[in-house]
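J.: Sequence plus the predicted model coming up.
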Amino acid sequence: MRVGITYDLRADYLAMGYSEEDTAEFDVPETIDAIADALKALGYAPVKVGNFKVLSKALLAGEHFDAVFNICEGFEGAAREAAVPALLEAYGVPYVFSDPLTLALALDKGMAKRVVRDQGVPTPDFIVIDDSAALSRLDIERFSLAFPVFAKPVREGSGKGIDAHSYVKGVEDLVPVVRGLLERFCEPVLIEEFLPGREFTVGIVGTGEDARVLGVTEIGRTEKFIGQGYGFRNKEYWEDKVEIRLVEDEVAKAAASVGLAAWRALRCRDGGRVDIRNDGRDRPNFIEVNPLAGLRPAYSDLCFIADFKSISYQNLIGMIMTSFLKRHPGLKAPGRAAA
């Protein structure tokens with residue numbers, strides 16, 4: 001089976017003059033090599049394709065793929081992660097991971113929270129400030145959220161826009177923080193009640209009722225942790241700032257249950273992760289979901305979880321492909337993958 005791999009390389013965007021934070025969501029060559037090696041070991045025939053523009057040229061030229069392993073994040077627009085799956089659907093090419101609707105929905109944290117809340121999944125109270133006009137109409141005296149609150153861009157990943165200023169203790173700081181984020185990212189800002197409890201990452205493989213929790217890790221903070229949130233600098237330079245550990249206590253199991261419910265509510269597929277944070281009474285709440293979770297060995301959260309559970313990288317990719325193939329019974333797995 002010929003499997004194309006679609007991705008955005010960080011080095012390409014750095015070469016165009018974008019900053020480290022601008023490019024934080026993109027991949028490094030060793031991630032693509034690791035995915036290709038795992039697929040090859042499983043019996044597939046991997047083909048490194050590249051980003052949306054490279055893929056579109058290949059499809060237009062008539063290049064054939066039996067399937068595509070898509071980890072393209074995209075760069076522009078409110079639905080940038082949905083671009084490659086939408087293109088593949090137009091060409092009738094099956095692909096791994098979630099569809100355009102789920103990817104667009106999950107990217108917008110406010111919209112995702114509305115959907116999971118409607119499905120009964122707990123999430124902290126929040127509002128979304130769309131633009132400077134909405135900010136000017138914000139009635140601080142009648143502000144409905146309880147302080148402290150947490151402010152962040154509504155459509156960014158990898159901790160972008162989260163720093164020491166994101167944690168807002170009182171009304172006097174809220175407007176300048178939100179205004180700064182609006183100007184910096186040119187997108188709406190999510191403001192939610194801050195949860196002071198433990199923070200978890202729930203790794204999930206599978207789709208729908210077949211989805212299961214791979215494991216749960218806790219984000220422990222060192223004295224060098226910056227601010228109150230798992231922001232860009234804490235994620236990018238995590239070695240001396242966080243201690244990631246596998247947890248299996250009752251609180252972690254509750255977090256896993258909330259994460260799995262959110263995964264199913266948003267119709268995520270094949271593999272990814274859900275971020276959970278506990279409130280002051282140790283009750284888990286949905287924060288956000290990443291249906292295109294990082295797959296960089298010894299670096300990405302889903303890979304950490306697999307390592308803790310003694311699951312090899314090849315087997316992790318195999319689990320993801322098993323879920324994909326179950327959704328496409330017309331595709332036959334290679335012998336080694338089936339084994």
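T.: Thanks, I have the structure now. Residues are numbered from 1 along each chain as shown.
J.: what about residue 53, how many neighbours?
T.: In terms of burial, residue 53 registers 9 neighbours under the definition other C-beta atoms under 10 Å. For glycine as for every other residue, the C-beta is placed from the backbone atoms N, C-alpha and C.
J.: Check which residues of the strand or helix carrying it are buried.
T.: Per DSSP states H and E: residue 53 is located in helix 52-60. Counting neighbours by 16 or more other C-beta atoms under 10 Å, one finds that the buried residues in helix 52-60 are 52, 55, 58, 59.
J.: If we ignore the residues flanking it in sequence, what's nearest residue 275?
T.: residue 287 (4.3 Å; C-beta to C-beta, 6 or more residues apart in numbering).
J.: Which pLDDT does the model give the one you found?
T.: Looking at residue 287, its pLDDT reads 96.
J.: Ok, residue 241 next?
T.: The pLDDT attached to residue 241 in the predicted structure is 66.
J.: same question, residue 138
T.: On the pLDDT scale, residue 138 is placed at 78.
J.: What is the neighbour count of it?
T.: Counted with other C-beta under 10 Å, the burial measure for residue 138 works out to 15 neighbours.
J.: Pretty sure residue 179 is one of the things it touches, is it not?
T.: No. With contacts defined as C-beta atoms under 8 Å, residue 138 does not count as touching residue 179, sitting 10.4 Å away.
J.: got the buried residues for stretch 85-95?
T.: Going by neighbour count (16+ other C-beta under 10 Å), the buried part of stretch 85-95 is 85, 87, 88, 93, 94, 95.
J.: what does that stretch rub up against?
T.: Contact partners of stretch 85-95, identified using C-beta atoms under 8 Å, 6 or more residues apart in numbering, comprise 52, 55-56, 59, 65-70, 84, 97-100, 103, 324, 327-328, 331.
J.: Check these for burial and list the buried ones.
T.: Applying a neighbour-count criterion of 16+ other C-beta under 10 Å, the buried members of these are 52, 55, 59, 65, 67-70, 84, 97-100, 103, 324.
J.: Can you say which helix or strand has the closest residue to residue 56 other than its chain neighbours in it?
T.: Across the structure, with C-beta to C-beta, 6+ apart as the measure, the residue nearest residue 56 apart from its sequence neighbours is residue 87 (6.1 Å). Taking DSSP H and E as the criterion, residue 87 maps to helix 83-91.
J.: if I pick the closest residue to residue 300 other than its chain neighbours, what's in contact with it?
T.: Nearest-residue entry for residue 300: residue 294, 3.3 Å, with adjacent residues in sequence omitted and distances by C-beta to C-beta, 6+ apart. Under the criterion of C-beta under 8 Å, 6+ apart, the contact partners of residue 294 comprise 27, 31, 300, 301, 302, 303.
J.: would JSON lines of those residues with neighbour count and secondary structure be doable?
T.: As requested, the contacts of residue 294 are arranged in JSON lines below (neighbours: other C-beta atoms under 10 Å; DSSP: H, G, I helix; E, B strand; the rest coil):
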{"residue": "27", "neighbour count": "21", "secondary structure": "strand"}
{"residue": "31", "neighbour count": "22", "secondary structure": "helix"}
{"residue": "300", "neighbour count": "17", "secondary structure": "coil"}
{"residue": "301", "neighbour count": "21", "secondary structure": "helix"}
{"residue": "302", "neighbour count": "24", "secondary structure": "helix"}
{"residue": "303", "neighbour count": "21", "secondary structure": "helix"}
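J.: State the pair within those that is farthest apart.
T.: When C-beta to C-beta is used, the two most widely separated members of those are 27 and 301, lying 14.5 Å apart.
J.: Which residues are in contact with residue 144?
T.: Counting by C-beta under 8 Å, 6+ apart, residue 144 touches 125, 127.
J.: Against residue 193, how distant is it?
T.: Taking C-beta to C-beta, to the nearest Å as the criterion, residue 144 is separated from residue 193 by 10 Å.
J.: do the same with residue 75
T.: The span separating residue 75 from residue 193 equals 31 Å under the rule C-beta to C-beta.
J.: before we move on, what about residue 31?
T.: 35 Å.
J.: now the strands for the stretch 101-250 of the chain?
T.: Across the stretch 101-250 of the chain, reading from the start of the chain, the strands by DSSP state E, counting those that start in this stretch fall at 126-129, 149-153, 167-168, 189-193, 199-205, 212-221, 242-246.
J.: any idea which of the ones you listed is most buried?
T.: Neighbour counts averaged per stretch over these are highest for strand 199-205, at a mean of 25; criterion: mean count of other C-beta atoms under 10 Å.
J.: In terms of secondary structure, what does it contact?
T.: In terms of contact count using 3 or more C-beta pairs under 8 Å, 6 or more residues apart in numbering; DSSP states H and E, strand 199-205 is assigned the packing partners strand 212-221, helix 250-265, strand 271-278, helix 301-308, helix 313-327.
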